[in-house]
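Q: Requesting a structural model of the entry that follows:
(one chain, ligands or ions: 1)
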Amino acid sequence: MAEELNIPNSSDRSIIYKALLPQIEALIADESDLTANLANITAALKEAFGFFWVGFYSVKAGQLVLGPFQGPIACTRIPFHKGVCGAAYRTAKVIIVPNVDEFPGHIACSSASKSEIVLPVLNHNGTVAMVLDIDSDQLEDFSETDEVWLQKIIRLIEYKL
Ligand code: SME
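A: I've put the predicted structure just below:
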């Protein structure tokens, strides 16, 4: 396993994602522990893009429960009917929120968070097993580029669930 990530010096996120994807794949390839792999994925995304907060919430006993993350402390439990994370869980769809203040029911774990993307992570039955939540301290920081590449990263773990 590489000891450090090789991140291209570019402002083009596609270029960074393209370089990052095989490195994440290599990072988790020989490790069977899910928590360890989720932890390294959050660290890699945080390091590559400097996002404000990157983390997973897992479906546990009828709620979303905080899993491995990078960033400030966060809400530990999110009911399915609340927040962007709850909406991504219920719809099993990627949700991009350009301005969190305009999303009804958004849960503000931090007032510094301005925009957000949440992606459902499916298990082998196609059921949402967790969500990946990324917060930015910039408005309108996420686009289809993030959605497409983050889906590819998620697929690296989905088939193991
Ligand atoms: N904002 C999320 C809650 C999680 S924190 O941002 C880390 C939401 O509305 O679901």
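Q: Every contact and neighbour count from this point should use C-alpha atoms.
A: OK.
Q: measure residue 105 to residue 93 for me?
A: Separation of residue 105 from residue 93 (C-alpha to C-alpha, to the nearest Å) stands at 17 Å.
Q: ditto for residue 51
A: Here residue 51 is placed at a distance of 21 Å from residue 93 (C-alpha to C-alpha).
Q: Between those two, point out the one with more neighbours.
A: The neighbour comparison of residue 51 against residue 93 (other C-alpha atoms under 10 Å) goes to residue 51, with 20 against 14.
Q: Using the three-state scheme, assign the most centrally placed residue in the chain.
A: Ranked by distance to the mean C-alpha position of the chain (C-alpha atoms, centre = their mean), the top residue is residue 132 at 3.0 Å. Following DSSP: H, G, I helix; E, B strand; the rest coil, residue 132 is assigned to strand.
Q: okay, and for the protein, where does confidence drop off?
A: 1-2 (pLDDT under 70).
Q: switch to 80 and redo it
A: Applying pLDDT under 80 to the chain flags residues 1-3, 159-160.
Q: can you list the residues of it near the ligand?
A: 74, 83, 84, 85, 86, 106, 107, 108, 109 (C-alpha under 6 Å from any ligand atom).
Q: secondary structure class for the last one?
A: Spelled out, it's residue 109. coil.
Q: Distance of residue 72 relative to residue 113?
A: Taken as C-alpha to C-alpha, the spacing of residue 72 relative to residue 113 amounts to 11 Å.
Q: Looking at the two, which one has more neighbours?
A: Ranked by neighbour count (other C-alpha under 10 Å), residue 72 and residue 113 place residue 113 first, with 20 against 10.
Q: what sits against the more buried one?
A: By C-alpha atoms under 8 Å, 6 or more residues apart in numbering, the residues touching residue 113 are 52, 100, 135, 136, 137, 138.
Q: Ok, residue 153 next?
A: Residue 153 is in contact with 21, 24, 25, counting by C-alpha under 8 Å, 6+ apart.
Q: nearest to residue 5, of those?
A: The shortest approach to residue 5 among these belongs to residue 24, at 8.9 Å (C-alpha to C-alpha).
Q: May I have the phi/psi pair for the nearest residue to that closest one once chain neighbours are set aside?
A: Spatial nearest neighbour of residue 24, chain neighbours left out: residue 41 (6.7 Å); criterion: C-alpha to C-alpha, 6 or more residues apart in numbering. Dihedral pair for residue 41: phi -60, psi -40, per degrees, to the nearest 10.
Q: Please tell me I have it right and residue 56 contacts residue 135.
A: No: with contacts counted by C-alpha atoms under 8 Å, residue 56 stays clear of residue 135, the gap being 11.7 Å.
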